[in-house]
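Chemist: Need a 3D model of the sequence below.
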Amino acid sequence: MSEPRHFLDLDRLSTGELRRILDHARALKAGAPGRALAGRTLAMIFEKPSTRTRVSFEVAAQQLGGHAVVLNARDMQLGRGETIADTARVLSRYVHAITLRTDHHAKLLELAAHATVPVINALTDASHPCQILADVLTFEEHRGPVAGRIVAWVGDFNNVARSWVHAAMRLGCILHVACPPELTPEPELLARARAEGARVEVFAEPAAAVRGAHLVVTDTWVSMGDADGARKRRLLEPYRVDARLMELAAADALFMHCLPAHRGEEVTAEVIDGPRSVVFDEAENRLHVQKAILAWCLGEIGADPMP
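Modeler: Now for the predicted structure:
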């Protein structure tokens with residue numbers, strides 16, 4: 001029996017595989033038929049609240065001809081002490097793929113280690129790869145290839161930002177990160193990314209990161225379950241994306257936010273509701289990218305050896 005194709009992080013796939021997933025997502029969005037889940041079932045485990053991830057994956061399963069079972073951790077034996085390993089082994093006997101949205105990345109890795117069906121990262125505290133593929137698809141729909149383009153991340157260096165580093169490693173974008181010194185990326189991640197040829201620069205000043213950027217991205221300042229919310233808000237106050245900051249970007253720069261957004265906090269209403277914002281195209285593309293990810297996990301798209 002072959003090993004399952006897990007979708008855990010962007011840097012675990014080759015550039016060719018990611019490109020084929022994006023191409024397939026584009027084709028599905030244009031109306032190409034897709035039946036990768038025909039007669040199959042997707043289990044979706046949620047340990048954190050979700051709107052876009054839950055709805056997009058559930059609709060993706062239906063549109064691919066399959067069925068989705070939504071599992072809240074509080075309603076499972078997993079919430080009463082059953083091990084992740086045992087949960088993985090049991091679910092693998094019932095379903096054909098599993099998504100997990102959780103807090104600790106280690107839970108995702110343990111689930112994948114013991115599952116005999118594909119496991120998909122639907123968000124952890126360390127990364128959010130499905131979101132970044134949707135972002136890349138959205139950018140390329142509007143502006144063409146992301147390779148060689150400057151992506152400016154402004155705010156907390158969180159799970160979404162970390163997946164942007166992985167995208168820089170595999171898809172060739174130039175990543176500028178603007179964040180307070182207290183919230184900077186871990187040196188080990190930067191060293192590994194640069195060793196693989198990724199162009200990633202870290203700035204203390206948002207203006208320096210955004211100047212000339214082709215895409216400006218931010219996220220909520222305080223994530224779900226964040227214990228030091230008040231401190232983070234104080235640190236991030238100078239990192240709000242407003243019209244003045246966007247004026248420093250390239251003339252045709254886009255703005256993205258994975259949502260939910262807090263207008264007046266990490267971004268002003270003028271920006272997120274303005275003509276440069278593509279946040280709802282970005283949200284829609286979660287559906288198309290996730291259909292393509294499921295197709296890749298289930299063998300509908302070819303796999304490459306890791307670089």
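Chemist: When you work out contacts or count neighbours from here on, use the C-alpha atoms and nothing else.
Modeler: Noted.
Chemist: Endpoint to endpoint, stretch 78-89 covers what distance?
Modeler: 12 Å (Cα to Cα, to the nearest Å).
Chemist: OK, contacts around the residue nearest the centre of the chain?
Modeler: Nearest to the mean C-alpha position of the chain, by Cα atoms, centre = their mean, lies Gln131 at 2.7 Å. Residues in contact with Gln131, defined by Cα atoms under 8 Å, 6 or more residues apart in numbering, are 160, 258, 286.
Chemist: please redo it, this time with the cut-off set to 10 Å
Modeler: By Cα atoms under 10 Å, 6 or more residues apart in numbering, the contact set of Gln131 is 52-53, 122-123, 137, 160, 163-164, 257-258, 282-283, 285-286, 289-290.
Chemist: ok, so of those residues, who is nearest Gln62?
Modeler: Nearest to Gln62 among these is Gln290, at 12.0 Å by Cα to Cα.
Chemist: related to what we said a few turns ago, quick one: which of the contacts of Gln131 is most hemmed in?
Modeler: Within the contacts of Gln131, most neighbours by other Cα atoms under 10 Å means Trp164, with 32 neighbours.
Chemist: Relative to His24, how far out is that one?
Modeler: Taking Cα to Cα as the measure, Trp164 falls 21 Å from His24.
Chemist: Could you check the pLDDT of Ile84?
Modeler: On the pLDDT scale, Ile84 is placed at 94.
Chemist: isn't Asp242 right next to Val271, touching?
Modeler: Yes - look at Asp242 against Val271 with Cα atoms under 10 Å: they come within range, at 6.0 Å.
Chemist: between the two, which one's more packed in?
Modeler: Legend: neighbour count by other Cα under 10 Å for Asp242 and Val271, higher for Val271 (20 against 17).
Chemist: OK, contacts around that one?
Modeler: When contacts are counted by Cα under 10 Å, 6+ apart, Val271 touches 241-246, 254-256, 263, 277.
Chemist: quick one: which of the residues you listed is most hemmed in?
Modeler: Greatest neighbour count in the contacts of Val271, by other Cα under 10 Å, goes to Val241: 27 neighbours.
Chemist: For the nearest residue to it once chain neighbours are set aside, give its distance to Ala230.
Modeler: With sequence-adjacent residues excluded and distances taken as Cα to Cα, 6 or more residues apart in numbering, Val241 is closest to Val267, at 4.6 Å. Distance from Val267 to Ala230, counting by Cα to Cα: 17 Å.
Chemist: try Tyr94
Modeler: 44 Å.
Chemist: now Thr15
Modeler: Distance check for Thr15 against Ala230: by Cα to Cα, it reads 39 Å.
Chemist: which one of these two has more residues nearby?
Modeler: Between Thr15 and Ala230, counted using other Cα under 10 Å, Thr15 has the larger neighbour count: 19 against 11.
Chemist: got the phi/psi numbers for the closest residue to that one other than its chain neighbours?
Modeler: Among residues not flanking Thr15 along the chain, Arg170 sits closest, at 5.1 Å (Cα to Cα, 6+ apart). Phi and psi for Arg170, reported as degrees, to the nearest 10, are phi -110, psi -30.
Chemist: Show the pLDDT at Arg170.
Modeler: 98.
Chemist: Quick check: the gap between it and Leu13.
Modeler: Counting by Cα to Cα, the gap from Arg170 to Leu13 is 8 Å.
Chemist: The two: which is more packed in?
Modeler: For Arg170 versus Leu13, neighbours defined as other Cα under 10 Å are more numerous around Arg170 (25 against 20).
Chemist: Which residues are in contact with that one?
Modeler: Arg170 makes contact with 10-19, 147, 164, 193, 196-198, 307 under the criterion Cα under 10 Å, 6+ apart.
Chemist: likewise Val210?
Modeler: Contacts for Val210 (Cα under 10 Å, 6+ apart) come out as 150-154, 176-178, 203, 216-217, 241, 245-250, 253.
Chemist: Cross those against helices and list the overlap.
Modeler: If you go by DSSP state H, the contacts of Val210 have 245-246 in helices.
Chemist: Buried only: go through the contacts of Val210 for me.
Modeler: Among these, those buried by neighbour count (16 or more other Cα atoms under 10 Å) are 150-154, 176-178, 203, 216-217, 241, 245-246, 248-250, 253.
Chemist: Show me the helices in the chain, by range?
Modeler: Here the chain has its helices, by DSSP H, at 15-29, 52-63, 84-94, 105-114, 129-143, 159-171, 187-195, 206-210, 229-236, 243-246, 269-272, 279-297.
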